[in-house]
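Visitor: what follows is a protein structure lacking sequence information:
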């Protein structure tokens, strides 16, 4: 089992950057694909990015490609989401999640979830 705790959210202006972090507990962190999802008010939760077990492969939603970067450090059981050139439409609660499946972009593919961290981007 994996427990996930996100941090790093906040209120920023359009064009600014934020770095989200997700700290994981458990000895099996390196065996999970890690992902970030987000949920804006009144909308369904959507996939943002994922990273493979060893960090060699990443995949992004088209809406964040070129602006966001996902990374992980298996020695520290952490995963990060560097968000640059933020836009008001990036405003959402961001969730870290762990998946035992390869290549999942669906919520159903992720077994463990954090509590979320709020990101608000003002125009």
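Guide: Right, received. Where do you want to start? None of the values given here were measured: they were computed from a predicted structure. Numbers count the residues shown, from 1 in each chain.
Visitor: can you tell me the centre-most residue of this protein?
Guide: Centroid check for the chain by Cα atoms, centre = their mean gives residue 36 as the closest residue, at 2.3 Å.
Visitor: how many neighbours does the nearest residue to it once chain neighbours are set aside have?
Guide: Closest residue in space to residue 36, ignoring its immediate chain neighbours: residue 48 at 4.3 Å, by Cβ to Cβ, 6 or more residues apart in numbering. C-beta here means a position set from N, CA and C on the backbone, and glycine is covered the same way. Residues near residue 48, counting by other Cβ atoms under 10 Å, number 24.
Visitor: in which helix or strand would I find residue 48?
Guide: strand 46-51 (DSSP states H and E).
Visitor: quick one on the thing from earlier: wait, a helix at the residue nearest to the centre of the chain?
Guide: No. According to DSSP: H, G, I helix; E, B strand; the rest coil, residue 36 belongs to no helix; its state is strand.
Visitor: can you name the residues bridging to residue 10?
Guide: According to DSSP bridges, the partner residues bridging residue 10 are residue 119.
Visitor: got a list of what it touches?
Guide: Going by Cβ atoms under 8 Å, 6 or more residues apart in numbering, residue 10 touches 18, 118-120.
Visitor: try 10 Å
Guide: Taking Cβ atoms under 10 Å, 6 or more residues apart in numbering, we find residue 10 in contact with 16, 18, 20, 117-121.
Visitor: what's the answer for residue 13, then?
Guide: 86, 88, 120-123.
Visitor: state the distance from it to residue 30.
Guide: According to Cβ to Cβ, to the nearest Å, residue 13 and residue 30 sit 36 Å apart.
Visitor: fine, thanks again, bye for now.
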